[in-house]
Structure formats: C-alpha cells, structure tokens
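> requesting a structural model of the entry that follows:
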Amino acid sequence: MRTARIERETKESHVLVELNLDGQGTIDVSTGVPFFDHMMSQLGKHSGFDLTVKTSGDIDVDSHHSVEDTSLAFGEALRTALGDKAGIRRFGDSMVPLDEVLVQAAVDLSGRPYLVHRQPEIVELIGTFDTTLGKHIWESIVAEAHIALHIRVLEGRNAHHVFEAQFKAVARALRDAVSLDGRVAGIPSTKGSL
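Residues are numbered from 1 along each chain as shown. Modelled structure (predicted):
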C-alpha cells in the first residue's frame, strides 16, 4: 500500500494528513478554513487519492499558518507515500477547463523541488480567504514533496474558478504521475534514484 500518515505540530497549528495514492477519491477535509477545505477536497477527489486532513490552528489570527502547515504536511505525505518511486510513470500533465478558466499543470516527481506558477491578478479575497496564499500553497507542497510543478492559468477572471481549476489540474497531473506503469522497471531515471 502506498500510504502515509503525517502529523505536524507547531505552536500555530496541529495537522494530521492521511493519504492513500491507490484510493478511490474518498475525502474528509477539515482545516477550519472553508474555502481551503473545498480546494483540498478537489485535490483528493480528482487525483483519485483517499485523503484525510484534520487541522486546528490559530485562525483567530488569520488562516495563513493553518493553510501553510496543511500544505507542508500534504507535500510530506505525498513524498512518503511514493517511497522509492519504483514503477511509477513519474511525469503527469493535464489541461482543465472550468467555465471561462483554462489551466495547464505539469508535474515531475523528480526529487527536486521547483515551482513555476503563473496566474492573472485576481481579487484579494474569496469570502474571507486570502488569495495571496495561492502561490504559497503550491510552494509549500512542492518544498516538502520534492517535486517540480508548473501551473499556468491560460484564461480566466473569476477568482474562485481560477483557484479551483488549478487544484483540479494539479490533481489530474498527479494522478498520472503516481500511476504504476508495467513497462517501467525500477526507478524511472537514468540516475537510478529520484
């Protein structure tokens, strides 16, 4: 089973992430930040991962610490669940439309963290959610997962759609990249490790 259970505790938050890469898209997400719950649920559902996230944090200050620490824990869970990465496809990409929005995502489970993130200027708040956290979510996931991730919002103006299409596109790219491929013998790298 390619699974992980990660607990992350600081003075600002307590996070539990449980991840099964070979799941059915069963999700149970509660971070105290409703819009972020919605986005993490998209990530679990559209990747086909089973994903449980339980976060309690200092949201009386703001949502930054809860969102950041949850993202870091998810990245660590992804890296842990992948193990030595033997037999995986390694690369994945997707193009996802959501009404007026079109997002392209590509991922390499390379062992090297790198993010390229392009999106248009959007409003600073979706309800009470701070949209300036968007890029930071991906930075945090990439840093702990040790993956290269490219996200480009090619079209779009509605902030909710811009966010949601990114999470769906990354989910679909990850779904492909973590898939086991019978034609891959061992680690998919000429280096012999990822």
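> ok, now which ones touch Ile187?
Asp84, Lys85, Ala86, Ser193, Leu194 (CB atoms under 8 Å, 6 or more residues apart in numbering). Using the backbone N, CA and C atoms, a C-beta is placed for each residue, glycine as well.
> quick check: the last one vs Arg79, distance?
Leu194 sits at a distance of 10 Å from Arg79 (criterion: CB to CB, to the nearest Å).
> reformat the contacts of Ile187 as CSV; add pLDDT.
Output for the contacts of Ile187, formatted as CSV (pLDDT from 0 to 100):
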residue, pLDDT
Asp84, 95
Lys85, 97
Ala86, 96
Ser193, 87
Leu194, 89
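> and these, which two are furthest apart?
Across the contacts of Ile187, the longest distance by CB to CB is 10.1 Å; it joins Ala86 and Ser193.
> more neighbours: these two, which one.
Ala86 (13 against 9; other CB atoms under 10 Å).
> just checking, the more buried one touches Gly192?
No - at 10.7 Å, Ala86 and Gly192 do not qualify as touching, with contact defined as CB atoms under 8 Å.
> okay, and the common contacts of those two?
Gly186.
> now Leu149: which helix or strand?
strand 148-155 (DSSP states H and E).
> quick one: strands adjacent to that strand?
Strand 148-155 has its sheet partners listed here by DSSP bridges as strand 101-108 (antiparallel), strand 114-118 (parallel).
> next structured bit after the last one?
Counting by DSSP H and E, the next helix or strand C-terminal to strand 114-118 is strand 125-126.
> list the contacts of Gly156.
Per CB under 8 Å, 6+ apart, neighbours of Gly156: Leu98, Glu100, Val101, Leu102, Val103, Gln119, Pro120, Val162, Ala165.
> low pLDDT regions in the chain?
Within the chain, no stretch has pLDDT under 70.
> would you turn the contacts of Ile187 into JSON lines with distance to Ile137 and secondary structure?
JSON lines is the format used below for those (distance: CB to CB, whole Å; DSSP: H, G, I helix; E, B strand; the rest coil):
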{"residue": "Asp84", "distance to Ile137": "27", "secondary structure": "coil"}
{"residue": "Lys85", "distance to Ile137": "23", "secondary structure": "coil"}
{"residue": "Ala86", "distance to Ile137": "29", "secondary structure": "coil"}
{"residue": "Ser193", "distance to Ile137": "28", "secondary structure": "coil"}
{"residue": "Leu194", "distance to Ile137": "23", "secondary structure": "coil"}
